[in-house]
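Student: quick one, structure for this:
(2 chains)
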Amino acid sequence: MSTAAEYKSRVRQTWCSGCGDFGVLNALQNACAALSIERSNLVIVSGIGCSSDLPHFMSAYGIHTLHGRALPVAQGIKMANKDLTVVITGGDGDGYGIGAGHFLHALRRNLDLTYIVMDNQIYGLTTGQTSPTSDRGHKTKSSPAGNPECALNPLALAVVGGATFVGRGFSGDPVHLAEVIRRGITHKGFSLVDVFSPCVTWNKVNTYEWFRSRVVKMETEGHNPADREAAIRQALREDKLPIGVIYEIDEPTFTEKEPSLQGEPLVKSRIGMTDEEWKGLMEEFA
Amino acid sequence: MMNNKQEATIWIGGEAGEGIASAGDVFMRAAARNGLGAFAHNSYQSVIRGGEVLLQIRAGMHPVLSQGGDWDYLVALNQSILDHHLRSARPAAAALFNADSIKPPADPSVAALRGIPVGELTADLPRNPVMQNTVLLGALMRLLEFPWEVFEGSIRAQFGKRKAELSDTNVTVARRGWEFAEKHFPPPEGNGLAGDGKRRIMITGNQAAALGAVAGGCKFYSAYPMTPATSIMHWLAPRASRYGMVMKQAEDELAAINMAIGAGYAGVRAMVGTSGGGFALMTEAIGMAGMIEVPVVAILSQRGGPSTGLPTKTEQGDLFQALGASQGEFPKAVLAALDPVDSYYTTIEAHNLAEKYQIPVIVMMDLYLSERTIIIDPASLNPRVPIERGETVTSIEGEYQRYRYTPSGVSPRALPGTPGGMHIAPSDEHNEEGVLVSDWYTNPSTRTKMMQKRMRKMEGVLRDTDARAFIREGPEDTELTIVGWGSTYDILEEARRALTAGGHPANLIQFRMLWPFPARKVLPYLQAAKRIVCVENNYGGLLARLIRQETGVDIPFAVRKYDGEPFSIGPLTAALEAVWTKDAPPIQTLVSSELDLPVVFR
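Tutor: Numbering: from 1, shown residues only, chains lettered A, B, ... in the order given. Below is the predicted model:
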């Protein structure tokens, strides 16, 4: 059994005091410890944004990529070396805004990855503009008259988009969150863990208190995560904000279906061709 | 044998969907098996059915260096092809067509008009969608005096064993055309094309690049379909799993390149292929590969631009796009493949450079190279190629610094999975450990040292690519020096030989290495040249501008073409000859106006 401390890097954490992302980092470290993941086999991939700094604070392999592109980078890593545990961390702007296209296809593709989205409903690093998950009417620097667009619903989108695991946590409850992340990592296939992670500096609406009075745990609601329609109903709820495992089904992963990934990982596969293989190819051209 | 023709140019024209590609492949296969050389260029439009497809094949003694010009044989699959292209007939040419559906024009033509009653010849056979082109191909092969067994073998190889029935039908149909020609169009003695008896293979530029990827140990190819790069994907898709390789079609080019960078980071050789529009989407990630020092290879097969441009036409207009790909300054290499054989080796070289120096490497091709089919000697492709994986660490004692300052600028990589090698690879500027500078703690000194570390790698790249940075052909001391880059190598060499044979000796400098630019090495040759002409498939003379930028040499003459079609040997040679004249025009723009067709509404 590993301890959470083993997954801490020596890099000083730079988030604002009180940032929701601390709770996410803590929960991820606890989930990794609970699963005793070998640090040298763990890769944390992120895009750009406050929350995308997270890999720096983990003692593991990390790759801090471009804004919106963490998912395809993570997919390339997993396809090249299926033995690695790959976790993607980022924010709502990164994943549901500039990277939304990749998000939809990552769901369909069902590679064995865990995607943690620290959703604070605001652009933090660029100092407070509206985000894809900002509520309609939310006044921000870029929407002084109130956000005219409706908020994207990541859970509902994920369930209908082909996700095989959809979970949500609240960084104000890191113990519960760690368990959702643990289940996401354990899940065979792509797992989305959307996290309410308040921005204490730029979002004065969706605060810890705001969330605390609205979240409801699926464990206490008698929810069956294998029921797709029930999952969509939970995702669309307006009275409460569901947290916990919303949806989980067993479907073949990309790795299971891709002929080229049936043997050893690509990183170990032989370079070049045998004389016989070469002769065969030359014959195709004749 | 003595009276045999040296070469023949054959045009097969019709609508898309009429089986032109398949007829062309059977011809090329037969030529390869018959010991000939051949070069095929397909001029086509971006439609799946209809439009006009004109496959231009030139066959003769091996090697054939370009698609040729006007035709000796026209296989016309519809009326419009016959009507529009009779004007491009050479003396003693013959046009073959289906007499049932196509009327010979009333105007006199230099070409013999050979109508073949396809319906009558095949009345007893089951209907076959490509009936008429197979009958016409049979007649053509008889006129060119191909041995029947070679032709039949090529048809069977084309359809494969799995489609034995289809292959039998096509052989029967082809034989009808063959026999009809034998009886009705007795060609003059010695009309045939005779090869040297050496069995060769046929390959396209893209197939050779894909083959190079496999031979060079590429394990991950991701792409989004885009002409003219798509056939790399098509060739790899059914074969990749045999070689422990993934061919992944991504949702867009952003995903394709980022997946490849992920795979490269994890430790496999990874590559993408696209054209200019897709490459535009990839450029931000090209810079990331430079910054986080992850190897990746991008094949940029150019087509006519800008924007959607000429989707199925060729151009060399993306040179500055490749050189300028991504914001900021970082080490990268840009190579241009010369011909299909060179595409094979360049792909391998690109992977070696990418891994050795942990940089993005761009391989420039274009439609003219990617999609040309040529006949080559299989021995020109060596399966045993040098593989340089670059420095990695497998065991770590003490502190590991991923971006350690080194004299070469190359810091050994720890691949994920290596115990003790945990680090972060950030797209932000960082210190030796990968910890961000500027974002968190400003540090101008670290930034400066890190820039210098990365850029030092360019010296190594320049050194490693020095031997084949450009190819020189012809004698040292000539009146004219021709300069070009990439895919025009073969045709420029053909033109150079033609000029020399015509009493105008010329030499050729053809660039493969475009960045880092081999300025110091090429400068003496440019300074010694008496008269220089730069030949490019673009509007602005991009290579000439690069040469001026890097060497200070201003090339006074240019031959350019940006009509979507490749250079044709006749007009190209004439344009180069004109550079000798007293009042030679500084810029000559060539246009293949003989291919102009009127726009048809409704």
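Student: contact residues of the stretch 101-250 of chain A facing chain B?
Tutor: Proximity of the stretch 101-250 of chain A to chain B is assessed by Cβ under 8 Å from any Cβ of the partner chain, with A:Gly101, A:His102, A:Leu104, A:His105 identified as the residues in range. All C-beta spots, glycine's among them, are computed from the backbone N, C-alpha and C.
Student: which of those lies closest to chain B?
Tutor: Using Cβ to the nearest Cβ, A:His105 comes nearest to chain B of those, at 4.2 Å.
Student: about what we covered before: ok, of the residues of the stretch 101-250 of chain A next to chain B, which come out buried?
Tutor: A:His102, A:Leu104, A:His105 (16 or more other Cβ atoms under 10 Å in any protein chain shown).
Student: could you dump the helix or strand where the last one lies to CSV, C-alpha only?
Tutor: It refers to A:His105. Taking DSSP states H and E as the definition, one finds A:His105 inside helix A:100-109. In CSV, the C-alpha atoms belonging to helix A:100-109 read as follows (Å, rounded to 0.1, in the frame of the first residue of the first chain):
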residue,chain,number,x,y,z
ALA,A,100,-14.7,19.8,-27.0
GLY,A,101,-14.2,18.0,-30.3
HIS,A,102,-11.6,15.6,-28.9
PHE,A,103,-13.8,15.1,-25.8
LEU,A,104,-16.7,13.7,-27.9
HIS,A,105,-14.4,11.3,-29.8
ALA,A,106,-12.5,10.2,-26.7
LEU,A,107,-15.9,9.0,-25.4
ARG,A,108,-16.6,7.0,-28.5
ARG,A,109,-13.1,5.6,-28.7
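Student: tell me the SS of the residue of the stretch 251-400 of chain B found nearest chain A?
Tutor: In the stretch 251-400 of chain B, the residue that lies nearest chain A is B:Gly262 (2.5 Å; Cβ to the nearest Cβ). Secondary structure of B:Gly262, reduced to three states by DSSP: H, G, I helix; E, B strand; the rest coil: helix.
Student: let me know the helix or strand that the closest residue to it other than its chain neighbours is in.
Tutor: Distances taken as Cβ to Cβ, 6 or more residues apart in numbering or on different chains put A:Gly76 closest to B:Gly262, at 2.5 Å, once the chain neighbours are dropped. For A:Gly76, the host element (DSSP H and E) is helix A:70-80.
Student: now swap in B:Gln132 and tell me
Tutor: helix B:131-143.
Student: and that helix, how far from the chain's centre?
Tutor: For helix B:131-143, the separation from the chain centroid amounts to 28 Å (computed by Cα atoms, centre = their mean, to the nearest Å).
Student: any idea which helix or strand comes after that helix?
Tutor: For helix B:131-143, the succeeding helix or strand toward the C-terminus, using DSSP H and E, is helix B:148-159.
Student: OK, contacts around B:Ala336?
Tutor: B:Thr346, B:Val363, B:Met364, B:Met365, B:Trp485, B:Gly486, B:Ser487, B:Phe511, B:Arg512, B:Met513, B:Leu514 (Cβ atoms under 8 Å, 6 or more residues apart in numbering or on different chains).
Student: mind checking which of those residues land in helices?
Tutor: Using DSSP state H, the subset of those located in helices is B:Thr346.
Student: of the contacts of B:Ala336, just the buried ones, PyMOL syntax please.
Tutor: To isolate the buried subset of those in PyMOL, counting by 16+ other Cβ under 10 Å, use the following:
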select buried, chain B and resi 346+363+364+365+485+486+487+511+512+513+514
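Student: is chain B within reach of the lengthiest helix in chain A?
Tutor: Ranked by residue count and defined by DSSP H, the top helix of chain A is helix A:21-35. No. With Cβ under 8 Å from any Cβ as the measure, helix A:21-35 is seen stopping short of chain B, the closest distance being 12.6 Å.
Student: kindly export that helix (C-alpha atoms) in CSV.
Tutor: Written as CSV, here are the backbone C-alpha positions of helix A:21-35 (Å, rounded to 0.1, in the frame of the first residue of the first chain):
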residue,chain,number,x,y,z
ASP,A,21,-7.9,22.2,-7.4
PHE,A,22,-6.0,21.5,-4.2
GLY,A,23,-8.8,19.1,-3.2
VAL,A,24,-8.6,17.4,-6.6
LEU,A,25,-4.9,17.0,-6.4
ASN,A,26,-5.2,15.6,-2.9
ALA,A,27,-8.0,13.2,-4.0
LEU,A,28,-6.0,12.0,-7.0
GLN,A,29,-3.0,11.3,-4.9
ASN,A,30,-5.2,9.3,-2.4
ALA,A,31,-6.8,7.4,-5.3
CYS,A,32,-3.3,6.5,-6.7
ALA,A,33,-2.2,5.4,-3.2
ALA,A,34,-5.3,3.3,-2.7
LEU,A,35,-4.5,1.5,-6.0
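Student: now do B:Leu484: how many residues are near it, please.
Tutor: Heads up, residue B:484 is Gly, not Leu. Neighbour count of B:Gly484, defined by other Cβ atoms under 10 Å in any protein chain shown: 28.
Student: I'd guess A:Leu192 is in a strand, am I close?
Tutor: Yes. Using three-state DSSP, the secondary structure at A:Leu192 is a strand.
Student: distance of it relative to chain B?
Tutor: Taken as Cβ to the nearest Cβ, to the nearest Å, the spacing of A:Leu192 relative to chain B amounts to 17 Å.
Student: would you confirm that that residue contacts A:Thr164?
Tutor: No. When contacts are counted by Cβ atoms under 8 Å, A:Leu192 is not listed as touching A:Thr164 (9.4 Å).
Student: circling back: how far off centre is the helix holding A:His105?
Tutor: 12 Å.
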